[in-house]
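Undergrad: fold the following for me, if possible:
(chains A, B, C and D)
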There are 4 protein chains.
Amino acid sequence: MAKVDHNEHLDVPLTDRRQTTVPEVPAFAEHGPLVDHKVPQADVVQQEPDLAWSRIRHTLREPLSEFFGVFILIMFGDGVVAQVVLSNGEKGDYQSISWGWGLGVMLGVYSSGISGAHLNPAVTLANCIYRKFPWRKFPIYMLAQLLGAMAAAAVVYGNYKSAIDVFEGGPGIRTVGGATSTAGIFCTYPAEFMTKTGQFFSEFIASTLLMFLIYALKDDGNIGAGPLTPLGLFFIIFGIGACFGWETGYAINLARDFGPRLVSYMIGYGHEVWSAGGYYFWVPMVAPFCGCAFGGWLYDMFLFTGESPINTPYLGLQRFFQPKRSVWSNTYSDSQV
Amino acid sequence: MAKVDHNEHLDVPLTDRRQTTVPEVPAFAEHGPLVDHKVPQADVVQQEPDLAWSRIRHTLREPLSEFFGVFILIMFGDGVVAQVVLSNGEKGDYQSISWGWGLGVMLGVYSSGISGAHLNPAVTLANCIYRKFPWRKFPIYMLAQLLGAMAAAAVVYGNYKSAIDVFEGGPGIRTVGGATSTAGIFCTYPAEFMTKTGQFFSEFIASTLLMFLIYALKDDGNIGAGPLTPLGLFFIIFGIGACFGWETGYAINLARDFGPRLVSYMIGYGHEVWSAGGYYFWVPMVAPFCGCAFGGWLYDMFLFTGESPINTPYLGLQRFFQPKRSVWSNTYSDSQV
Amino acid sequence: MAKVDHNEHLDVPLTDRRQTTVPEVPAFAEHGPLVDHKVPQADVVQQEPDLAWSRIRHTLREPLSEFFGVFILIMFGDGVVAQVVLSNGEKGDYQSISWGWGLGVMLGVYSSGISGAHLNPAVTLANCIYRKFPWRKFPIYMLAQLLGAMAAAAVVYGNYKSAIDVFEGGPGIRTVGGATSTAGIFCTYPAEFMTKTGQFFSEFIASTLLMFLIYALKDDGNIGAGPLTPLGLFFIIFGIGACFGWETGYAINLARDFGPRLVSYMIGYGHEVWSAGGYYFWVPMVAPFCGCAFGGWLYDMFLFTGESPINTPYLGLQRFFQPKRSVWSNTYSDSQV
Amino acid sequence: MAKVDHNEHLDVPLTDRRQTTVPEVPAFAEHGPLVDHKVPQADVVQQEPDLAWSRIRHTLREPLSEFFGVFILIMFGDGVVAQVVLSNGEKGDYQSISWGWGLGVMLGVYSSGISGAHLNPAVTLANCIYRKFPWRKFPIYMLAQLLGAMAAAAVVYGNYKSAIDVFEGGPGIRTVGGATSTAGIFCTYPAEFMTKTGQFFSEFIASTLLMFLIYALKDDGNIGAGPLTPLGLFFIIFGIGACFGWETGYAINLARDFGPRLVSYMIGYGHEVWSAGGYYFWVPMVAPFCGCAFGGWLYDMFLFTGESPINTPYLGLQRFFQPKRSVWSNTYSDSQV
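TA: As a prediction, the model looks like this:
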């Protein structure tokens, strides 16, 4: 496996060059710490590392990966809602929506292994807190996730434009709320009877379940889903939709909700996309972060035996008061989720 | 693997310390006797075994694991019934309920591998009888399972409180039976035409199938589901719901039924939670034990070739008349399910 | 591994004794020729081979395994039809029936690996023809499958007896055909517009697909489903039900149809169980054998590269004209499916 | 493994002879480059390579494999549409159709591993462009796929002939469009409100998703689905049906649409099979090629790190201007998808 590195004159910090074997791809048979989401980024090998595009792409590999992961997620997720709503339930029902979001996450995860397949800023946050994911990457990840969601929402809109026109009653009519409203295709609006507290609580619980179960699936000290993790995520999302999806539409993800909401605002659904449900829009932006942070805490506090700040003295809180390169940097070699 | 144990001054009976590799986590590729439910408890390694919380948690690791396993199960299970009932079937149908309970068990199993993922006192009982699970642990497991179910039922109630108010016709109205009753969210009530014998028989059969099939999935002398076991449990529970779920609601689990029933009584559903269906409440407390014991017997009697009291002289009954430490203790080293 | 065989005074032809390790259980990671259905019978090891019951059970291990496999299959299959029919579609719909039969087969396979999990006399026949399964075992397998189906049908009847009484309009009323008929719970009746040729053709096609796809899943020269085979069977049966299940009810199995039909006759559904549909009852007894034989031929003729009579000179037909011990005996050591 | 090749007098270019072990079947535990679709053709070993039929079959092994793969796909796909349409939704609903096509692809893939399980000329095209699949094989694959689809459509017609007669109102009546039309069983017709651009766009998007996700599942530098690939394809097809299946019926496959359309024309549905939807028939013939080419480009451009023309200088376009044997020939040894 020893290779002559004839690129030593290059100063680009590419770890591996001209290597034709992928050395640490998680094998099917092992429960290593990287099995789930994370193909270690330093080991993503490219065929032609000297090309300019290869270098650009290598630098941007994680945002690109999150972008496409969320893109796939929203394509299927918003797509299934569009089909069910616009066909008046003839081409799908509520259960189809559970299917669509569940498999959207599953296929999005398969698309974005290079970046760890977070697909959700709240999951990225929890990984920063509990799994040593570098804080510096948090804004990049969130931006890439948001852009991916916006791009997908735009494509779904383009695909269903004429059907929306028919459903709304004419070209250019775009309404939020009411029998012929189509705003719910893009982002979530709460059921009418919900109080603000209830809205927040519902999103909080769903996000807690999400993060708790992701950590359960990824924990090799537990059973661990290993290569079945994407399938496990299908069941988690399906389950949250079937069991806690009615009241607020289970956004549980800032990128999934705010991105398409912004697109629907740009398309012309008007100011109601923000004001509907008593200015509900901020709830799915804030609650998922709280919920995922709590869900991760719950798992680490009571079940996780691996390395976590919760398992260290003072719950690892001194980590925040003694910022070090190992905590904040994304080049520090120990930083692997 | 030899390590300097610098904790030898501690008298806490922690088996492994400061060990950073998990030595016997069931690998994906093997059909060992531990693949299914059971990550052997003595091998659950913690990062910081010297912390007080780590020690407490290590001591309580099995009840904690069962607690959260059943918590997840009931969150999804009661959650899906709540959503289907309260939305008048708009956000789900009977098949959604099969999905919800099936994936609740599946995800509960993924959450509670440390304790063997029984999630059901009747399964614990069968393991005590047929698989050398220590009898001393039975009450602890049952209590943890019951508390997990109660906690989840309370959270589901909190989440759907305003929807229940709307459905029942006003805040504080809580009824058992009738068109606007919501008691069925929490625990099971039998169909009206059922006799007491029929009720018992239905729960008995469903529990028999449950235990028989769990032992089939776990039997490596048979095909064995290996790492697909949690998925197999999804199909078992889905199937029992689809095929034997109508008449009595397939509780097949004391913790799942009695825990939320107690919570619904505390919430204010009144004495009818006990008296409904001709004081049906005791059936899902008793029948699952009988059914699981019979199902385990059936499998061991006719198909199991591994070590089981059924496969020993006198059907292993003398084990009960000659109680030994190996049978009743949970510290005896041979006791592994 | 060398062991002192202190049972050499016994004349029972037990291959392995007192062996505590299962030597050839199909590991998860390999695509050996035994991965699919067949745990080789000679390697099924028992803990206590000296017990009388262990010996009896060892002798009967294959019929017992088929019995319970088909028992599980019919429990879920007839159970789901009962629940959907008797609850007037409130507790399930046509798709539930596809689920029930699909997972019934899947869980039946997990229960009966010791015998190869045929669960269907037509599959046994195809294995005899194309996969060297000993012809001598054919009648034993068929009988065990039939008895398993009958036992399960009786249990389903017992479980749903009061619901049947309600549905039929009174205790003891049992009808075949008509709005309140419940005979369809147990066995299949064709749609009214079908001709006899159409009935046969429909069962023939479904059986052909079944066998062709089973051989595809089991063929390691193809992709091969390996440990996912039981899940693959779920999809096959679900698919046949969803795509070819309407016209004749996709019996595709003598044991599944004739066994419960016999039970329904014994229960008191009367002579119509035979005469309905123009004496349809013989079609699901004969067509599956033709279909499975054709499906196996199709796969072996065009795709299979392994050992098959089709791949030998004269299509292996001389095998039938030169009967040898290796063909007809079940003790000949080469005979392994 | 060294063997005496006693067939060296034969001039047939069979690579392996009389070899009884399959040397490179993708093992369950590895993520090799061949895990997904492709059992390397040179390693498909036959038991009796000297027989005439074995030689013919070996020569035709790839077309035969594609033929049967598409045959299985269309049997389930057209079959489920037939059952749902002809039973007026009593024996299935829109979701059943998603199931039928999804599992049709899954089981078709299991049937056709020898040829790489393309099942779709557009997938073959993308593999030619991006994965070094020999261009010479493209027409053979497409023809085999088309014939497989036609054969299956004819069998489905035969099976449902009497039901079609009943549904259309009499024997021999065959209509396209209208309440009692049955032409939609065989091929896709667009929703009425769609413009030609919208039709093309919808098919283009669905095909893009298909190819992008196939390459994601197959990419071992990503997570990679490994042996779960056929199951992953089930979810992809199910998802496209549930999320983008309404407007044009998600043909996304020339063979799937044009083959059965031709059969329906031959059966007697008349000229409307071509003229319906504003001569829609050419859209599902052209758009999938564009979409799959774009989807493959998208994946390789932004995520794929393995060997692809996109990853080489000038995007590999000089490959087309310097045709070499390695590019166009199917005997060149490097050519492996």
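Undergrad: quick check on residue A:170: phi, psi?
TA: Main-chain torsions, residue A:170, degrees, to the nearest 10: phi 170, psi 160.
Undergrad: tell me, what residue is most central in chain A?
TA: Against the mean C-alpha coordinate of chain A, by C-alpha atoms, centre = their mean, the closest residue is residue A:119 at 1.6 Å.
Undergrad: and that one, how far from residue A:144?
TA: Distance check for residue A:119 against residue A:144: by C-beta to C-beta, to the nearest Å, it reads 10 Å. From N, CA and C alone the C-beta is placed, and that goes for glycine too.
Undergrad: please enumerate the shared neighbours of those two.
TA: A:66, A:70 (C-beta atoms under 8 Å, 6 or more residues apart in numbering or on different chains).
Undergrad: list the buried ones in the longest helix seen in chain A?
TA: Ranked by number of residues, the top helix in chain A under DSSP state H is helix A:138-168. For helix A:138-168, the neighbour count (16 or more other C-beta atoms under 10 Å in any protein chain shown) marks A:138, A:140-142, A:144-157, A:159-160, A:162-168 as buried.
Undergrad: can you pull the contacts of the nearest residue to residue A:68 once chain neighbours are set aside?
TA: Distance criterion C-beta to C-beta, 6 or more residues apart in numbering or on different chains; nearest residue to residue A:68, sequence neighbours excluded, is residue A:111 at 5.2 Å. Neighbouring residues of residue A:111 by C-beta under 8 Å, 6+ apart: A:65, A:68, A:69, A:72, A:117, D:212, D:213, D:216, D:222, D:303.
Undergrad: repeat that for 6 Å
TA: Listed by C-beta atoms under 6 Å, 6 or more residues apart in numbering or on different chains, the contact set of residue A:111 reads A:68, A:69, A:72, D:216.
Undergrad: so how far is residue D:152 from the last one?
TA: The one in question is residue D:216. For residue D:216, the distance to residue D:152 equals 28 Å [C-beta to C-beta].
Undergrad: coming back round to it: most neighbours out of the contacts of residue A:111, which is it?
TA: residue A:69 (31 neighbours; other C-beta atoms under 10 Å in any protein chain shown).
Undergrad: wouldn't that residue be in contact with residue A:116 here?
TA: No - assessed by C-beta atoms under 6 Å, residue A:69 is found out of contact with residue A:116, at 9.5 Å.
Undergrad: show me where chain A has its strands.
TA: With DSSP state E as the criterion, chain A has no strands.
Undergrad: interface residues of it facing chain B?
TA: For chain A, the residues in contact with chain B (C-beta under 6 Å from any C-beta of the partner chain) are A:29, A:31, A:94, A:193, A:198, A:202, A:205, A:213, A:216-217, A:220-223, A:226, A:235, A:239, A:242-244, A:246, A:302, A:305, A:307, A:311-312.
Undergrad: can you say which of those are buried?
TA: Buried, going by 16+ other C-beta under 10 Å: A:29, A:31, A:94, A:198, A:202, A:205, A:213, A:216-217, A:220-223, A:226, A:235, A:239, A:242-244, A:246, A:302, A:305, A:307, A:311-312, out of the residues of chain A next to chain B.
Undergrad: re the thing from before, among the buried residues of helix A:138-168, which are in reach of chain D?
TA: A:159, A:162, A:166.
Undergrad: which of those residues sits closest to residue B:127?
TA: Closest to residue B:127 out of these is residue A:159 (52.7 Å), distances taken as C-beta to C-beta.
Undergrad: so who does the closest one touch?
TA: Contacts for residue A:159 (C-beta under 6 Å, 6+ apart) come out as D:202, D:205.
Undergrad: how about residue A:101: what's its closest non-neighbour residue?
TA: In space, not counting the residues next to it along the chain, residue A:101 is nearest to residue A:77; the distance is 4.6 Å by C-beta to C-beta, 6+ apart.
Undergrad: okay, now the one you found: neighbour count?
TA: Using other C-beta under 10 Å, residue A:77 is surrounded by 32 other residues.
Undergrad: do I have it right that it meets residue A:103?
TA: No - taking contacts as C-beta under 6 Å, residue A:77 lies outside contact range of residue A:103: 9.3 Å.
Undergrad: now the helices for the stretch 51-200 of chain A?
TA: Taking DSSP state H, counting those that start in this stretch, the helices of the stretch 51-200 of chain A run over residues A:52-59, A:61-86, A:94-111, A:121-130, A:138-168, A:196-218.
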